[in-house]
Structures are given as structure tokens and as C-alpha cells.
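Just a sequence and a predicted model for now, questions to come.
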Amino acid sequence: MRTFDKSSKLDNVCYDVRGPVLDEANRMQESGIDVLKLNIGNPAPFGFKAPEEVILDMIYTLRDSQGYSDSHGIFAARKAIMQYCQIKNIKDVALEDIYTGNGVSELINMVTQGLIDDGDEILVPSPDYPLWTGCVTLAGGKAVHYICDEQADWYPDIEDMRSKITDKTKAIVIINPNNPTGAVYPKEVLEEIAALAREHDLMIFSDEIYDRLTMDGVVHHSIAALAPDVFCVTMNGLSKSHMVAGFRCGWMVLSGPKERAKGYIEGLNMLSNMRLCSNVPAQSIVQTALGGFQSVQEYLQPGGRIYEQREYIYKAVNDIPGLSAVKPKAAFYIFPKIDTKRFHILDDEKFVLDFLKEKKVLLTHGKGFNWGEPDHFRIVYLPNLEQLKSAANKLADFLDGYHQKL
């Protein structure tokens, strides 16, 4: 009898942020065990709420949001995004250069499917948000990982990036601010990346979903603003800055010499038309969200929840023998390093699975972010301080005497 297997196109695609360890956590929960999930940046379950005016705006416009919109998005949303580009100093962005999406996730799939032919190479950071590697692979390309240097505040290693460019390379992906490290790239680093793209005739994909979640007075720079002569696709959205991850509200902006990308833009338009449009009720809040008071800033200052939780988890991790971490400057993730020799860790997925089973806390292992060694893991520090302290104490207790057995 015929059986039906998954497509071979998925053989080398993984998304371990929601993978086998999460499956085990869900099984535990179904059996009545309470699990603290620190594996995904989903603000709502931890008590973060969207600004009230954003919710009211969606309610008010809901009756007018029942039909399809233009495949690029509604006028008001794209106008607000265009004005946001002006604030970010991204030049010459017109309404037709803006596409709304069901979160940045949908758009990552769109931009890779529209560009990549079999065998094309795309430079992707390591560690990365794994959807980038997955979508490049699914499109038939090869994700070539350049190193972000932990000793240099997790900034991209420009020489490593340079060494991995070949005649098959089409684009460079940057994630800035970075997930999973929380790094924010300074202007000088971005200018070096732009120079590489310029030298080798590459386009740039810039994932900037956390640009409104920086701390410590750090200023975020869009690479598209620094390189108006390089074709860039800049991605952003409201999921994190306005705590509406479930609304699926993202966008992308094309900038630079668009005349050199006419064929690619035709492909993006085709893919955009094929999905008809993005979520119209979510589009209806963009103007209010971008134009109104940015309440997320209250969380990011001393005394604010995200700031204080960042301060706590950074100190707590570095106080545990065998762990160290670079202080994140944005978002709500920290990416600690673990002394693999001390704990005899050869498999980081087994490490987080062992921790889950013993302490009922779910983390994500570093290889889930395409990090090459089994010596890192990501903690989401969205829970309140009481929950974070409990998780940190459990991690310290677990590691005291842990010796991995394979």
C-alpha cells in the first residue's frame, strides 16, 4: 500500500525553536506537569499587553476589514511605514516599494523563494534566527554561515564573511538587532558589510524586527540608510515592539537601485499576489502603532520590566559556575556559553532535554540557531523576576554535578 512521506525538499530544513524538545515539553504538559517555556519570544503569555489604543483601533476598523486588500497592503499602513522609513533615513521609498506580510516570517519565505535558484548561496549569520536558513534551503539554495564573534560583542566577523563569498553568492542576511544574541551592530560594522555587498554586487536582507527594543542608549542604524546605492530588503513589524505576536503584522521595504532588480521585483509581486493579501485587521493598526506613543520604551528603561529582567538574567547566568554570557543590548534573549568540558556536553539538544525533564524548564539549544558547537543555548527572559529567579536557581542546581551521559 502506498505511503506518503514528507517532501525531500524538507530533508535539511529544521526549526528547533519549535522542535523535538518542545514536543517533549508538550507531552509533559498534557500529562499534567507544569513547564516554564523559555524557548520562544512570545510576550503575551508573560503578561505583556498591546497598547490599548492599538486594540481599540483594530476593533473600530474590523467591520471595514472583511475583504481582501491590495496585495501590497492597505494605503494607511503603507503610508505609515513609508514615513517610518523617513525617520530611519531610508531614502526614496515609495508606496509600491512596501509589502505588508503575515509577520516577517511569511516575508522571509517570500523573499527567498523569489530570488534563489538551485545552488545559489546566501550568507547567513551563525547564530541565526533559524527560519532564514530553513527558507534558503527550502528554496533550493545553500545557507553559508558566517561567524558572529562572541569575543567582539557578537558582531559579524567581516573577514569570515569575506572568505565565504563565491561566484554563487547572491545576498547577505543580517539580523540586527540580533536574535538569539541581543547584539546591536554599530554603524562602522554595517558600513563594512555594505562595502562587501558593493564590492561583490550582492543584495542585502536586513531583519530589523527588534529595532525599537534597544537598551542602554544604544542607537539602531538601518543598513539601508547607510548604503543607498545597494539594493536592500528591510524587514520589520509590530509583533515584538507592540506585543502583538499573534496578530501577524509585518512588512518589508525595498530600497536602493531598484532598476537593477526589476526581474526580482516582478517575482515578489507575483508571490505577493498569489497569497492575495496579508491579514487586513492587523494592517489596520500599523498607522496608530507607528504614529502613537511608543509604550514599549517604558519597559526598556531602568525600572522597566524588560530592562530589569535583562539585568537579572545577565548577572544570574554569569554567577553560575561553567556559564558565561555577553550582555544583550536589545530584544529579550540571552545566548549563554556553557563549558562543555566541565559538564562533558557533546550534544546540546540532550542537555536542554535533560534539563527539561528534571527541572520542567524549556530552553533552546544553540545548534537550533545553526551554531556549530554544542556549547550555547538561548534563554528568553520575558518571564517576571520571580519566574526568572526560579528558572536560574533550577539551572544552577541542575548544573551542579551534571555530567552528560550519551
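Cool, got the structure.

what's the weakest-modelled helix or strand in this protein?
Least confident helix or strand, the chain: helix 20-30 with a mean of 88, by mean pLDDT, DSSP states H and E.

Just the CA trace of it, in PDB.
Extracted in PDB, the C-alpha atoms of helix 20-30 (Å, rounded to 0.1, in the frame of the first residue of the first chain):
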ATOM      1  CA  PRO A  20      11.600  17.800  19.300                       C
ATOM      2  CA  VAL A  21      12.400  19.300  22.700                       C
ATOM      3  CA  LEU A  22       9.200  21.300  22.500                       C
ATOM      4  CA  ASP A  23       7.300  18.200  21.600                       C
ATOM      5  CA  GLU A  24       8.500  16.600  24.800                       C
ATOM      6  CA  ALA A  25       7.500  19.700  26.800                       C
ATOM      7  CA  ASN A  26       4.000  19.500  25.300                       C
ATOM      8  CA  ARG A  27       3.800  15.800  26.200                       C
ATOM      9  CA  MET A  28       4.700  16.700  29.800                       C
ATOM     10  CA  GLN A  29       2.100  19.400  29.900                       C
ATOM     11  CA  GLU A  30      -0.600  17.100  28.600                       C
END
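
Distance from the chain centre to that helix, please.
Taking CA atoms, centre = their mean, to the nearest Å, one finds helix 20-30 lying 23 Å from the centre of the chain it belongs to.

contact partners of whichever helix or strand comes after it?
For helix 20-30, the following helix or strand on the C-terminal side (DSSP states H and E) is strand 36-37. The set of residues external to strand 36-37 that reach it, using CB atoms under 8 Å, 6 or more residues apart in numbering, is 22, 25, 45, 360-362, 383, 387, 390-391. C-beta: built from backbone N, CA, C; applies to glycine.

Wait, I98 touches Q83, no?
No. Between I98 and Q83 no contact is recorded; they are 10.8 Å apart, counting by CB atoms under 8 Å.

neighbour count winner among those two?
I98 (21 against 14; other CB atoms under 10 Å).

Would you mind measuring from the more buried one to N176?
According to CB to CB, to the nearest Å, I98 stands 20 Å off from N176.

Widest-spaced pair of the contacts of strand 36-37?
Farthest-apart pair in the contacts of strand 36-37 is L22 and S390; separation 20.1 Å (CB to CB).

Give me the more crowded residue out of those two.
The residue with more neighbours, out of L22 and S390, is L22; 19 against 14, by other CB under 10 Å.

contacting residues around that one?
Going by CB under 8 Å, 6+ apart, L22 touches 37, 39, 362.

List of residues touching stretch 265-278?
Residues outside stretch 265-278 that contact it (CB under 8 Å, 6+ apart) are 68-73, 99-102, 106, 110-111, 113-115, 248-250, 254, 258.

So which of the residues you listed sit within helices?
If you go by DSSP state H, these have 106, 110-111, 113-115 in helices.

ranking the residues you listed by neighbours, who comes first?
For the ones in helices among the contacts of stretch 265-278, neighbours tallied by other CB under 10 Å; top is V111, 27 neighbours.

Now the closest residue in space to it that isn't next to it in sequence: which helix or strand?
What sits nearest to V111 in space, not counting adjacent residues and going by CB to CB, 6 or more residues apart in numbering, is V233, at 5.5 Å. Here V233 is covered by strand 232-237, with elements defined by DSSP H and E.

Number of residues surrounding the closest residue to N236 other than its chain neighbours?
With sequence-adjacent residues excluded and distances taken as CB to CB, 6+ apart, N236 is closest to E208, at 5.1 Å. Neighbour count of E208, defined by other CB under 10 Å: 22.

what do you get for I59?
By other CB under 10 Å, 12 other residues sit near I59.

any idea how far it is from A44?
In terms of CB to CB, I59 sits 17 Å off from A44.

Name the nearest residue to M82, sequence neighbours excluded.
Nearest non-adjacent residue to M82, counting by CB to CB, 6+ apart: V93, 5.5 Å away.

can you pull the contacts of that neighbour?
For V93, the contact set (CB under 8 Å, 6+ apart) comprises 82, 85-86, 253-255.

Unless I misread the structure, it falls within a helix.
No. Counting by DSSP: H, G, I helix; E, B strand; the rest coil, V93 is not found in a helix; it is coil.

From the contact counts, what lies against the host helix or strand of V352?
Per DSSP H and E, V352 falls inside helix 348-359. Other elements packing on helix 348-359 under the criterion 3 or more CB pairs under 8 Å, 6 or more residues apart in numbering; DSSP states H and E are helix 20-30, strand 361-362, strand 364-365, strand 377-380, helix 385-399.
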